[in-house]
Every structure is written in structure tokens, then in C-alpha cells.
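S.K.: output the structure for:
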Amino acid sequence: MIYDISFTALAFFFIFVGLVLGLSFYFGRKKSSSSSYYAAGGQIHWAVNGIAFAGDYLSAASFLGICGMIAVAGFDGFLYAIGFLAGWIVALFLIAEPFKRLGKYTFTDALNAKFNSRAITLTASISTLIISIFYLIPQMVGAGDLVMPLLGLPHWAGVILVGAIVIAIVASAGMASTTYVQFLKGGLLIILSLALTFYILKNGLSSPPDAEGNKYHSFIVLVPQVKEDKISSVQNWNIVTQQQVGDKTFVKLAQNGIERWFAWTKEGDNNLLKETLSITQKINGELLYNGEPKENRKFYQVGHLSKIIVNGKEVSSTGPLSPFQFLSTIRESEVVRFLQVKLVDGNDQVSIYYPEVTSGSKFMLPGLKYKIGSDANLWSKMDFVSLMLALFLGTAALPHILIRYYTVKTPKDARKSTILAIAAIGGFYILTLFIGLGAGVNGVMDVESSNMAAPLLARAFGAALFSIISAVAFATVLGTVAGLIVASSGAIAHDFIDVYLKKNLDDDKKVKVGKIAAVIVGIVAILLGMAFQGINVSFLVGWAFAIAASANLPAILFLLFWKKTSATGISASIVVGIVASLAIILTSPTMWDKYGLGAANAIHQLENPALVSFPLAVLTVYIFSKLYPKKDNSLLSQ
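M.R.: Presented below is the predicted three-dimensional model:
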């Protein structure tokens, strides 16, 4: 889509960025010890830490990705929110207080507290770095998506801009400034999500959608002549070509020298051609949107209800609705989603987004994205279980979440911070259900990026709301990326260079090396953010959760609750968890598509690795602890 610069949004953007950088430079003026740089000296109040927990956790995946997934896939998108929140139960009851007692200021410190093993130091620091980088990718993708409508810049420019700002935050003051950035944006994100939900319910539902009077594109429906299972003629249009993709037929028609794609559907005895959205990449690299150059603005926002049913009667609009009325009305109505197919047309590569009418009852139940019913194949069922396992177990093992337990004074404060975080995060995820559904039916969806569902919905209700929410969403990315880079720089400077390589850095050098590491990790994150443009950020975060659940959680749980756990068992399980999860991810259908080999040709159809990699890591820590007990660690732990 084409986005114009919003000067109101621009003003709010600079206010927020200025505030964030001001906090960073304020804390950066104070002399920074390694403890204050990596863990804010353990002096953060538990209530501030609890909201900062929420701010750190409510990342681009939560605000941009989940809302977008709900808008596209209904309840299946909300499953991510359920999984993300459920993971905090593991953190609260199993991890928070005992983990606080073990550590100093990094995940590796805590894991190695009882062993002083170089193998644990090496493997845990590598695990922290890999998980942080995988979590950084969706944040940077989301940042680039946000900057396009906010500043009118291309995706790559947004990624670079975020990277530069975050590097400045972390390099100036580390965890102290990061904590207050996360506290600020966590609180604002929840407040503004409440405001957006209020607007959604106040506006109600209408067909076509008319949020604040915005005109919705009226998609063309043609009645063709059919002969021998082919379109023989269409009044006032010339037939160019006809292609079958799976069980769908697409027809390219021309009028006044402009070619457009239509989806052939049958409704009862009637043959209909329904207008689609299409992006055509010519052999010379030129892009055509619905057959015309992008600047002609013939590419539209989508997502609407084809029928609105209230109390068994069809209506054109509902007026204001209560939360339960909103959900029940969508369940009884019909939702028009736009699904993507790709095809080759001569020398051209074509992406077609075609309308698919989905009953509201089906939209509000599992099964649109993750096939788990009787009609689902084994791969689909395994993928769903694997995703839920990763989300449920991954939270308690994310390094940038774990280090926040060291920013408070006592184990009791760690527990209270976690309880407050659960309350804030749970409340926010309930709001994402309304925001995602509102985006899916109010004609605001950008088919090129589901990540923009929430900000574009806000724009439909007014420039001011869009400006503030976009700026806060941008701050959301900044806060999460800052926390990830602090965790990464700690793994490099403290765990690997100082402890594993035995450089014995003094406090000043440890902070200096950490800042250099932050710059390097930030640059890597920028490059990866550009490479993964267009993929839903919640989907990408699922990979980070899977690696964390596989590489870190078995080691943490066995360390805390099994006295016979050995250093060799811990280090071996981390290696197995990393290797197994990365092997499955890198050979997944999504990556096969990235390689240009086609998702259907992947060597397996499992997108999420936790179902395989987590049990392997659990078995590994048990078996290796038995084979190499504490008193006789192998060379791996020397």
C-alpha cells in the first residue's frame, strides 16, 4: 500500500523518541557499574518492575502480530495470546523466586551458580545470543512495518531507524534506562488499547464498514458466460487468461488496456467473478498493483462483513455494542477474509488476494489456520501441539525475561513483580481480541502486512488516535529490542569474554565491551529485520519461544528440582535443544519458501519444533546427568 506522511503522527513520534532518548542520556550520565548496566543494580521497585515486565513482554508480536493474526484467522490468532499468557504460570510457580536466589545478573550466572562449569558458560551464552536474535527479528520487522504509515519511509529505513535508536538507548545506560522505557510504554500501551477498544464498541458494526465515515472500496462482481467449464465471455471485458490453483480458478480480464484478476466462484446455480487484489512483478522488476502503477492508488484496504445478523435478522449496521454483543454479532454474521495465492503468468510473478466468505461461527472457533479436527492431517495436528507447547514453556526460559528477576532486591519482589505482570498482560490480551476482530471487519487490513492491523484500525477512528497508538507501538518495539540487546551484550561481554575466556575484565571494561557488543548485535538485528519483511511477527516470535523452551527450560527445571543434575547434563541439553530446534526451523516450509524452493517441497511440514526438540532436551539432561554425575563431569564441563 501507499502511505502518506501524517504530520500529527510525526509530531508524536518525535515526542516519544525524544522522551526515550532523554531517559537514556539521564541514566547514562551516572557512573555505570557492570551490575547497574546489566541489571540496574537490583534496585528497581517491584511495582515498576512488574509493569516493565509487561512492557518488555508486550512486544511487536503482542500488539502488532496477535491483532493481525486475529484479524486474518479469527480465534486461531488468539491462541497465541492464550499461549503467551499461560507461559507466565510456569514462570510464577516454578521459576521466579528460586531463580532470583541463584543469579547475579545474567541467565548464565544463575544456571552455573552451583557448578562453575566452562561448558555451561559457553553453551548458555550461545543459547542466550541465538534466542535473543530470533526474538529480535520480529521486533525489527514490526518496526519497519510501523514506520511506513507513520513517517512515509520504506520498510528498510524503519528497521535502520529503530536499530539506531535502540543502540543509543542500550549503549548509553543499559538496563536502568531500558527498564523505565519499558515501564512507560507498557502502561501507555494498555491505556491506549482500552481507548481503541472503546472506539470499536462505540462504532459497532456496519456493512460496508464506515468507521468515522471512511469510504470502503466496492469490489466488482461480474456474471460471466460459461461454456464447457471455461469462461467464454464477460460483458465489457476481454478474457486474457484463466488459471487453476488448487480448487480455485482465477481469470485475468482486460478493460481499457488495464488487466485485473478475478476469482471464479459458484453460489448456487450462479457463476460469479469476484474482483481480487493483485500484485504483479514483471520480468523487468516493475510492480503493478491491480494492473496499474502503485502511485495510481488502485490497491485497497480490505476486511468486512458481507452479512450482519442480529437476533436472526439481517441488518446494515448495529450502532454501539457491548463487548459480549460485539462478539456474538460477529459469530452470527459472515466475515469476508482475503487469502493469498501465488502463480506464474507467463514471465510474471503474481500474488493474488481473493475474497473468501467465512461464517462468523467458524471464524470464532479454532481451525482456520491450525487444522486440528477430523479433516486435519497428522502434520497439522503436530504443528498445533508444537506451537502451544513452545508458547506455554518458552516464556519462563526467555533470557531477556529472566534477567528482569535480577533488577529487584529480593525473591519476594520477583514474585510480586511476576503477579503484577500477569495481571497487566492478561488484561491487554483480552483487549487484543476486540482490536483484532475490529480490524478484520472494519475495512482497514493491508493485505501486504497483517502486522499493521491495529495501527490502521486506529487511523480509521482519527489521526490523533492513530498518531498516539503508532508512536506507543514504536516505543513498544524500542523497549523490547533494548531488553533483548542488553541480554545479548551480557552474554557476549560478561558470560563469554569475561568468564569463559577468563579475561577477568574490570568493571569499566566489562561495561565498555558490553556496549560494543550491543552495537554489533543491533547491526545484525537490522540486517535480519530487512530479510524477513512481510512475515507475521507473532509467527516469528513462536520460533524464539520454541528455541527457549528447548534449549533453556529443561536445564532450568532440572537444576532447580533434581539434585542429581550435573554440569554435563545441563550443557549437553542446551546443545541438543539448540541444534534440534534450529534444524527443524531451517528446514521448515516457511524457510523452504524463503529459499525459493516452495513450502510444499520442504522435507517436513512442521513449522514449530518444540514437540520434537523439547523432549529431546529433557531426555538429554537426564541421560547425561546419569552418565556423568556431579563428581565425574566429562570433558564437556571442564
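
S.K.: where exactly do the helices run in the stretch 151-300 of the chain?
M.R.: Ranges of helices in the stretch 151-300 of the chain, per DSSP state H, counting those that start in this stretch, are 155-173, 175-203.

S.K.: can you add distance to residue 19, mean neighbour count and mean pLDDT and give the ones you listed back as a markdown table?
M.R.: Glycine gets a C-beta too; all of them are placed from N, C-alpha and C. Output for these, formatted as a markdown table (distance: least, Cβ to Cβ, whole Å; neighbours: other Cβ atoms under 10 Å; pLDDT from 0 to 100):
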| stretch | distance to residue 19 | mean neighbour count | mean pLDDT |
| --- | --- | --- | --- |
| helix 155-173 | 11 | 23 | 75 |
| helix 175-203 | 7 | 22 | 83 |
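
S.K.: could those be laid out in a markdown table, adding distance to residue 66?
M.R.: Converted to a markdown table, the helices of the stretch 151-300 of the chain look like this (distance: least, Cβ to Cβ, whole Å):
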| stretch | distance to residue 66 |
| --- | --- |
| helix 155-173 | 20 |
| helix 175-203 | 11 |
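
S.K.: pretty sure residue 559 sits in a helix.
M.R.: Yes. Assignment of residue 559 by DSSP: H, G, I helix; E, B strand; the rest coil places it within a helix.

S.K.: the chain should start at 76 in everything you say after this.
M.R.: That works, and once the first residue is 76, the last one we named lands at residue 634.

S.K.: OK, contacts around it?
M.R.: 177, 186, 189, 640, 645 (Cβ atoms under 8 Å, 6 or more residues apart in numbering).

S.K.: need the contact list for the third one.
M.R.: When contacts are counted by Cβ under 8 Å, 6+ apart, residue 189 touches 177, 634.

S.K.: how far away is it from residue 577?
M.R.: Distance of residue 189 to residue 577, given as Cβ to Cβ, to the nearest Å: 20 Å.

S.K.: the bottom helix or strand of this protein by mean pLDDT?
M.R.: Within the chain, confidence by mean pLDDT, DSSP states H and E is lowest for helix 109-114 among all helices and strands, at a mean of 54.

S.K.: could you check the helix or strand following it and say which residues are buried?
M.R.: Next helix or strand after helix 109-114 toward the C-terminus (DSSP states H and E): helix 121-132. By 16 or more other Cβ atoms under 10 Å, the buried positions in helix 121-132 come out as 121, 123, 124, 125, 126, 127, 128, 129, 130, 131, 132.

S.K.: and which of those is nearest to residue 503?
M.R.: residue 129 (7.2 Å; Cβ to Cβ).

S.K.: just checking, the closest one touches residue 261?
M.R.: Yes. Counting by Cβ atoms under 8 Å, residue 129 does reach residue 261; the two are 4.4 Å apart.

S.K.: show me whatever sits in contact with both of these two.
M.R.: With Cβ under 8 Å, 6+ apart, residue 129 and residue 261 have common neighbours residue 499.

S.K.: helix, strand or coil for residue 196?
M.R.: Taking three-state DSSP, the label given to residue 196 is helix.

S.K.: thinking it is in contact with residue 570, fair?
M.R.: Yes. Counting by Cβ under 8 Å, residue 196 touches residue 570, with 5.7 Å between them.

S.K.: what is in contact with those two at once?
M.R.: In contact with both residue 196 and residue 570: residue 183, using Cβ under 8 Å, 6+ apart.

S.K.: where are the low-confidence patches of the stretch 426-575 of the chain?
M.R.: For the stretch 426-575 of the chain, the stretches with pLDDT under 70 are 448-450, 554.

S.K.: which residue ranges form the helices in it?
M.R.: Using DSSP H, counting those that start in this stretch, helices in the stretch 426-575 of the chain cover 435-438, 453-469, 474-477, 486-516, 528-535, 538-565.

S.K.: picking up where we left off before, among the helices of the stretch 226-375 of the chain, which comes closest to residue 164?
M.R.: Evaluated with Cβ to Cβ, those place helix 250-278 nearest to residue 164, the distance being 19.6 Å.

S.K.: check contacts around residue 614.
M.R.: 140, 144, 213, 665, 682.

S.K.: need the pLDDT of the closest residue to residue 328 other than its chain neighbours.
M.R.: Of all residues not flanking residue 328 in the chain, residue 312 sits nearest, at 4.2 Å (Cβ to Cβ, 6 or more residues apart in numbering). Residue 312 is assigned 95 on the pLDDT scale.

S.K.: count of neighbours near residue 312?
M.R.: 21 (other Cβ atoms under 10 Å).

S.K.: how much space between it and residue 297?
M.R.: Counting by Cβ to Cβ, the gap from residue 312 to residue 297 is 7 Å.

S.K.: any common contacting residues for the two?
M.R.: residue 328.

S.K.: C-alpha coordinates for stretch 626-642, PDB please?
M.R.: Output of stretch 626-642 as PDB, limited to C-alpha atoms (Å, rounded to 0.1, in the frame of the first residue of the first chain):
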ATOM      1  CA  ALA A 626      17.500 -25.100  25.000                       C
ATOM      2  CA  ASN A 627      16.900 -23.400  28.400                       C
ATOM      3  CA  LEU A 628      13.800 -24.700  30.200                       C
ATOM      4  CA  PRO A 629      14.900 -28.400  30.700                       C
ATOM      5  CA  ALA A 630      18.200 -27.100  32.100                       C
ATOM      6  CA  ILE A 631      16.500 -24.700  34.400                       C
ATOM      7  CA  LEU A 632      13.900 -27.100  35.800                       C
ATOM      8  CA  PHE A 633      16.400 -29.900  36.400                       C
ATOM      9  CA  LEU A 634      18.800 -27.500  38.100                       C
ATOM     10  CA  LEU A 635      16.100 -26.300  40.400                       C
ATOM     11  CA  PHE A 636      14.200 -29.500  41.200                       C
ATOM     12  CA  TRP A 637      16.600 -32.500  40.700                       C
ATOM     13  CA  LYS A 638      19.600 -32.700  43.000                       C
ATOM     14  CA  LYS A 639      21.500 -35.200  40.700                       C
ATOM     15  CA  THR A 640      21.600 -32.800  37.800                       C
ATOM     16  CA  SER A 641      25.200 -32.400  36.500                       C
ATOM     17  CA  ALA A 642      27.000 -29.700  34.600                       C
END
